[in-house]
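**Q** Task: produce atomic coordinates for the following.
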Amino acid sequence: MAKQVSDLVVERLIEWGVDTIFGFPGDGVDGFFESLRTHQDRLRFIQVRHEEAAAFAAVGYAKYTGRLGVCCATSGPGGIHLLNGLYDAKCDLQPVLAITGHTFHDLIGMDYQQDVDLDKLYMDVSVFNERVMGPAHAVNVVDMAVRTAYGRRGVAHICIPKDIQEWPVSDKMRSNANVAGHSGDWAMPSTARPADTLLRKAASIINDGSRVTIMVGRGALGAREEVAQLADTVGGPVVKALLGKAVLPDRSPYTTGGLGLLGTAPSVDAMEECDTLILIGSSYPYIEFLPKPGQAKCVQIELDPTRIGLRHQVDAALVGDAKTILQALLPLLKRKNNKFLKKAQERMKTWNELMEERGKRQDMPMKPQVVTHTLNKLLDDDAIVSSDSGTIATWTARYIEMRGAMQFSLSGSLATMANGLPYSIGAAVAYPNRQVVCIVGDGGLTMLMGELATLVKYNLRVTVIVIKNNVLGQIKWEQMILEGNPEYGVELEPIDFAMVAKACSARGYTLDRPEDAESVLRQALNHDGPCLVQAVVDPNEPPMPGKVTTEQAYKFAKSLVRGQKDAVKILETVAEDQIREVV
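**A** Numbering: from 1, shown residues only. Model prediction:
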């Protein structure tokens, strides 16, 4: 039975089905934490080492479960620290609830300690943002926050002043307009489908096309069977945005994999040659890789109507759930010959052979591809894989193949560093019996390295694979290939991550020879507890685009001429890669 305002909040969250909250304590949320303590049999609290990690863990939890992720932090600096992870939720449209404290209600704005106006600070990141004003307000606010986070697929923020958290439950201050018990805790995803006229218009456009390419994103994750049937019917390849990597298995005959700098050459070809594009559940940002204006007719299937036409001109828009819409659309489509699809499959066969060859290289220093290529063979068919931002995203996208019930994610639109490890915390808490693997770079891991202790504290079976090249690799290659400048400011002071893991009481391994890759990774994956493998790799191995443009080649050459460090070694590496590709 609720005794104070914080009890009302906690008990209402439990009624909404919330069972986990990630966070860090502080005096601005002492009352809230007392309620967490007294309700710990129904709502578990996971203590992280940095509030940013709490927000990231909540995002990972939301992405992998489809349920509300919840995080909490104290007033002032604690609430500020949550923001980067919350912007990740905003950018990737994830339902996340952030609960923060505030100073005493009658000292707000009086320059009291940790008096930061988090209501104002959270205005941009949130779809719902409200301060709890008392007991009669608390349940209403929680209900509205959860409904809005789910309904608008974004961040909801509840701010509770320190003293109000401990106010006793009472109706003395309830207004006559606020009828007790009026607010409901019920929410249901939309199953609405577009009008038949719109479905027929979309079908007509697709039926008239002769070279159809399908692009899927996160919004199509629940429509695997329908997407495969669509590709088979229209005889066209499926290109996957990175957040949609698990829509189809990577060895499906219907997919050409990813797109863009970390994608495949066959996917670029599919976009360049199509006359019809079907966009499903994706707001893929790199429009330079999509069909040029006027090249292709476009049908877009999207849950959020504000994203219709965001990246490409649209000839028919179908707003709603991808699975529901595809089930209604498929019977209207005419079966095409699969000449365009077969051409893509032939190209993909060549691409996969090239990736296989590169993934087996025995060169020294060890190539980063060797690590992810070897790891891929050892993963369970229901593994959950999280990646970080940087070159590591390329090696993961190209070599970790989705199959079975595997799940994958990273920071999509925000593309922030440091998300990988906290994502894995959220995954391991939600699915303690599944294999959880985190693939990160040494730059990203260093930012939130303290979360290794969180793995140990809760004995989470997460295997952390850190690709160690002592450089911010993605930025290095962007400086060279995209800007034509020599690298600057990207070298990292080396850290022995295996020793750090051991210092945190986790298992730590070092992998620096390709012939040892399988045995070391197998040991790590079989360890029943938190484990880290630092894979020491060649810093001069470039994550080359699937298809290199003339401009990229020119700027790369320009950076070497202008004084790029290790230019000769880089040239040797690139030349060897190109020779292997030709062979």
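**Q** Only C-alpha atoms from now on, for both contacts and neighbour counts.
**A** Noted.
**Q** Excluding chain neighbours, what is closest to the residue most central in space within the chain?
**A** Taking Cα atoms, centre = their mean as the criterion, residue 410 is the residue nearest the geometric centre of the chain, at 2.9 Å. The spatial neighbour of residue 410 that comes closest, neighbours along the chain excluded (Cα to Cα, 6 or more residues apart in numbering), is residue 387 at 5.1 Å.
**Q** Which phi and psi values does the residue nearest to the centre of the chain adopt?
**A** Main-chain torsions, residue 410, degrees, to the nearest 10: phi -160, psi -180.
**Q** now swap in residue 321 and tell me
**A** Taking degrees, to the nearest 10, you get phi -70, psi 130 for the backbone angles of residue 321.
**Q** What residues does the closest residue to it other than its chain neighbours make contact with?
**A** The shortest distance from residue 321 to any residue other than its chain neighbours is 5.6 Å, reached at residue 303 (Cα to Cα, 6+ apart). Applying Cα atoms under 8 Å, 6 or more residues apart in numbering to residue 303 gives the contacts 219, 281, 319, 320, 321, 322.
**Q** what do you get if the cut-off is 7 Å, keeping everything else the same?
**A** 281, 319, 320, 321 (Cα atoms under 7 Å, 6 or more residues apart in numbering).
**Q** Likewise for residue 277?
**A** With Cα under 7 Å, 6+ apart, residue 277 has these contacts: 212, 213, 214, 296, 297, 298, 299.
**Q** same thing but at 6 Å, please
**A** For residue 277, the contact set (Cα atoms under 6 Å, 6 or more residues apart in numbering) comprises 212, 213, 214, 298.
**Q** From those residues, which land in strands?
**A** Using DSSP state E, 212, 213, 214, 298 are the members of the contacts of residue 277 that sit in strands.
**Q** Quick check: the first one touching residue 278?
**A** No. Using Cα atoms under 6 Å, residue 212 is not in contact with residue 278; the gap is 7.5 Å.
**Q** Among the two, which residue is more densely surrounded?
**A** Ranked by neighbour count (other Cα atoms under 10 Å), residue 212 and residue 278 place residue 212 first, with 29 against 24.
**Q** beta partners for that one?
**A** Here residue 212 shows beta-bridge partners residue 276, assigned using DSSP bridges.
**Q** can you check residue 465 too?
**A** Assessed by DSSP bridges, residue 465 has beta-bridge partners residue 439, residue 533.
**Q** ok, back up a step: quick check: pLDDT value at the residue nearest to residue 321.
**A** What the model reports as pLDDT for residue 303 is 92.
**Q** Ok, residue 482 next?
**A** At residue 482, the predicted lDDT confidence score is 72.
**Q** Could you do residue 357 as well?
**A** Listed pLDDT for residue 357 reads 92.
**Q** Tell me the secondary structure at it.
**A** Following DSSP: H, G, I helix; E, B strand; the rest coil, we place residue 357 in the helix state.
**Q** Just give me the neighbour total for residue 355.
**A** 17.
**Q** The one 4 residues further on too?
**A** Burial measure for residue 359: 20 neighbouring residues, criterion other Cα under 10 Å.
**Q** Could you do residue 159 as well?
**A** Residue 159 is flanked by 27 other residues according to other Cα under 10 Å.
**Q** what lines up beside the helix or strand containing it in the sheet?
**A** Following DSSP states H and E, the helix or strand that holds residue 159 is strand 155-161. Strand 155-161 sits in its sheet next to strand 96-102 (parallel), strand 126-131 (parallel), going by DSSP bridges.
**Q** Mind picking the one among the contacts of residue 303 that's closest to residue 288?
**A** Set against residue 288, the nearest of the contacts of residue 303 by Cα to Cα is residue 281 (18.6 Å).
**Q** you'd agree the closest one is up against residue 217?
**A** Yes. Residue 281 is in contact with residue 217 according to Cα under 6 Å; the separation is 5.0 Å.
**Q** These two: who's more crowded?
**A** Shown here are residue 281 and residue 217; by other Cα under 10 Å, residue 281 has more neighbours (25 against 22).
**Q** Output the below-cut-off pLDDT ranges for the chain.
**A** Applying pLDDT under 70 to the chain flags residues 1, 172-191, 544-583.
**Q** ok, back up a step: next SSE downstream of the strand holding residue 159?
**A** Following strand 155-161 in sequence order, the next helix or strand is helix 196-208 (DSSP H and E).
**Q** Can you show me the CA trace of that next one as PDB?
**A** Extracted as PDB, the C-alpha positions of helix 196-208 are listed here (Å, rounded to 0.1, in the frame of the first residue of the first chain):
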ATOM      1  CA  ASP A 196      -7.900  -0.200 -50.000                       C
ATOM      2  CA  THR A 197      -7.500   2.600 -52.600                       C
ATOM      3  CA  LEU A 198      -4.000   3.400 -51.200                       C
ATOM      4  CA  LEU A 199      -3.100  -0.300 -51.200                       C
ATOM      5  CA  ARG A 200      -4.200  -0.700 -54.800                       C
ATOM      6  CA  LYS A 201      -2.200   2.400 -55.800                       C
ATOM      7  CA  ALA A 202       0.900   1.000 -54.200                       C
ATOM      8  CA  ALA A 203       0.400  -2.400 -55.700                       C
ATOM      9  CA  SER A 204       0.000  -0.800 -59.200                       C
ATOM     10  CA  ILE A 205       3.300   1.000 -58.900                       C
ATOM     11  CA  ILE A 206       5.100  -2.100 -57.800                       C
ATOM     12  CA  ASN A 207       3.500  -4.200 -60.500                       C
ATOM     13  CA  ASP A 208       4.500  -1.700 -63.200                       C
END
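**Q** Begin at 57, not 1, for the rest of this chat.
**A** Noted, 57 is the first residue going forward, which turns the last one into helix 252-264.
**Q** Identify each buried residue in it, please.
**A** Judged by neighbour count using 16 or more other Cα atoms under 10 Å, the buried positions of helix 252-264 are 254, 255, 256, 257, 258, 259, 261, 262, 263.
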